[in-house]
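Trainee: The sequence and its predicted three-dimensional model are supplied below.
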2 protein chains.
Amino acid sequence: MTDNRLARQLAFLTEIDRAKTVLRQTLLCDRSRRENDAEHSWHLAMCASVLAEYAPPGVDLGRVLTMALVHDLVEIDAGDTFAYDEAGNATKEARERAAADRIYAMLPAEQGAYYRALWEEFDAMETPDARFAAACDRLQPFLNNLATGGHTWKLGHVRLSQVKRRIEPVCGLAPALRAFVEENLRDAVARGWLIDA
Amino acid sequence: MTDNRLARQLAFLTEIDRAKTVLRQTLLCDRSRRENDAEHSWHLAMCASVLAEYAPPGVDLGRVLTMALVHDLVEIDAGDTFAYDEAGNATKEARERAAADRIYAMLPAEQGAYYRALWEEFDAMETPDARFAAACDRLQPFLNNLATGGHTWKLGHVRLSQVKRRIEPVCGLAPALRAFVEENLRDAVARGWLIDA
């Protein structure tokens, strides 16, 4: 018989395979299909690793990577909520809390509590680790949008002011990142990918 | 104009989106389709995080997570080589070296060298970090195989002795993991998922 603690950990690892089937609005850069949560979490973690030099002092990259890996697990039950979907965002918190209650309870108690606390920290965007992780979570779909002709912006009839608000944590990391974002937002408006309002 | 260093980092982050299109033999646990490299890398990193307590003393989990995230990037050019494909494995090293030459050169030099060294360390399986990462790289498809009726074992007419050799790094982590593996290998043979040889 497999040890009970290990059995719970392995059942959790099998359960979270379902993150590969939770679709986001974002397209892959080759526009072949929509991205899923597992791919997004990997790509976000890669953003955090590659751009670690722009993180504020004191950020613990290992914690940020772990946050990136788990930050969307609740969507296995709660589904992805499009950033610019106001109705969906009104019910998001309750749906995700119920999901966290089920999914993290699969693990041994102290381990489930550890990941749940990391997810709550990510969502609150208050600590330096969470703010850096959240910035990367916003940069990754921004890059995919640039590569796919502003796909989700056009899809959601998104306004420049909405994207500016959402991408501000990226701009705050470094002047070079602010310049990159501003240049590409001007270009996105000029191309008609974003509504100039 | 975007700063050149940042521009190279962002071009790399856009390029590696292609890992989401590199298919492996492994199926998702729901059997709906084949898994891709980005999903696999995320799932492997989750295995490393959840099972960190079984890692040998001195393992640096942050390094292991980074190794997991980048270990298959060379497959963007070189493609996935099925673990039990002997012909494919004969040319794998040269194909992957050429891929690393191109992909890591997209980054600023010292950063490309850092990731390339991590990938080489992973592949050599000699350091404690690399051995733990490699064990997780073998456990993840093992779990998916158990969930999908031994899919890749049946597909490749794989023998029990081949899987035993490949999964040994997992068994070496902890007696509980060895017991789990042995129990499930006996079961896989009994079900006809593996050839008893």
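Mentor: Arrived safely. Numbering: from 1, shown residues only, chains lettered A, B, ... in the order given.
Trainee: Could you find the closest non-adjacent residue to whichever residue of chain A sits closest to chain B?
Mentor: Among the residues of chain A, A:G62 lies closest to chain B, at 3.1 Å counting by CB to the nearest CB. From N, CA and C alone the C-beta is placed, and that goes for glycine too. In this structure, A:G62 finds its nearest non-sequential neighbour in B:G62, 3.1 Å apart by CB to CB, 6 or more residues apart in numbering or on different chains.
Trainee: picking that back up, how close does the residue of chain A closest to chain B get to B:L118?
Mentor: Taking CB to CB, to the nearest Å as the measure, A:G62 falls 14 Å from B:L118.
Trainee: what does A:P175 give?
Mentor: For A:P175 relative to B:L118 (CB to CB), the value is 29 Å.
Trainee: Between these two, tell me which one has more neighbours.
Mentor: Legend: neighbour count by other CB atoms under 10 Å in any protein chain shown for A:P175 and B:L118, higher for B:L118 (21 against 11).
Trainee: Report how many residues lie close to the residue nearest to A:G62.
Mentor: The tally of other residues near B:G62 (other CB under 10 Å) stands at 16.
Trainee: Can you give the distance of the helix or strand hosting it from its chain's centre?
Mentor: Using DSSP states H and E, B:G62 maps to helix B:61-70. Helix B:61-70 sits 11 Å away from the centroid of its parent chain (CA atoms, centre = their mean, to the nearest Å).
Trainee: Hmm, A:A55 is touching A:V64, no?
Mentor: Yes. Taking contacts as CB atoms under 8 Å, A:A55 lies within contact range of A:V64: 7.4 Å.
Trainee: Need the residues touching each of those two.
Mentor: Here A:A55 and A:V64 share the contacting residues A:A48, A:F132, scored by CB atoms under 8 Å, 6 or more residues apart in numbering or on different chains.
Trainee: where does chain A have low pLDDT?
Mentor: Applying pLDDT under 70 to chain A flags residues A:1-2.
Trainee: Can you report how many residues lie near A:P56?
Mentor: Going by other CB under 10 Å, the residues that sit close to A:P56 add up to 12.
Trainee: Tell me which residues touch it, please.
Mentor: Applying CB under 8 Å, 6+ apart, we find A:P56 in contact with A:P128, A:R131, A:F132, A:L173.
Trainee: Go ahead and list the helix or strand containing the third one.
Mentor: A:F132 is part of helix A:128-147 when elements are defined by DSSP H and E.
Trainee: How about that helix and chain B, any contact?
Mentor: Yes. Contact of helix A:128-147 with chain B (CB under 8 Å from any CB of the partner chain) involves A:Q140, A:L143, A:N144, A:L146, A:A147.
Trainee: Serialize these to a markdown table and add fields for distance to A:T14 and neighbour count.
Mentor: Listed next are the residues of helix A:128-147 next to chain B as a markdown table, based on distance: CB to CB, whole Å; neighbours: other CB atoms under 10 Å in any protein chain shown:
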| residue | distance to A:T14 | neighbour count |
| --- | --- | --- |
| A:Q140 | 26 | 27 |
| A:L143 | 31 | 20 |
| A:N144 | 28 | 23 |
| A:L146 | 36 | 20 |
| A:A147 | 33 | 17 |
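Trainee: Make CSV out of those residues and add distance to B:V70.
Mentor: Formatted as CSV, these follow (distance: CB to CB, whole Å):
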residue, distance to B:V70
A:Q140, 16
A:L143, 18
A:N144, 19
A:L146, 23
A:A147, 20
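Trainee: hmm, back to that, between the contacts of A:P56, identify the one with the most neighbours.
Mentor: Of the contacts of A:P56, with other CB under 10 Å as the count, A:F132 tops at 27 neighbours.
Trainee: Contacts only, for the closest residue to it other than its chain neighbours.
Mentor: Distance criterion CB to CB, 6+ apart; nearest residue to A:F132, sequence neighbours excluded, is A:A55 at 4.5 Å. If you count contacts by CB under 8 Å, 6+ apart, A:A55 has them with A:A48, A:L61, A:V64, A:P128, A:F132, A:L173.
Trainee: Quickly check these for the two that are furthest apart.
Mentor: The most widely separated members of the contacts of A:A55 are A:L61 and A:L173, with 13.9 Å between them, by CB to CB.
Trainee: Give me the most central residue, chain A.
Mentor: Compute the mean C-alpha point of chain A, and by CA atoms, centre = their mean the closest residue is A:D137, 3.9 Å away.
Trainee: Sounds good, over and out.
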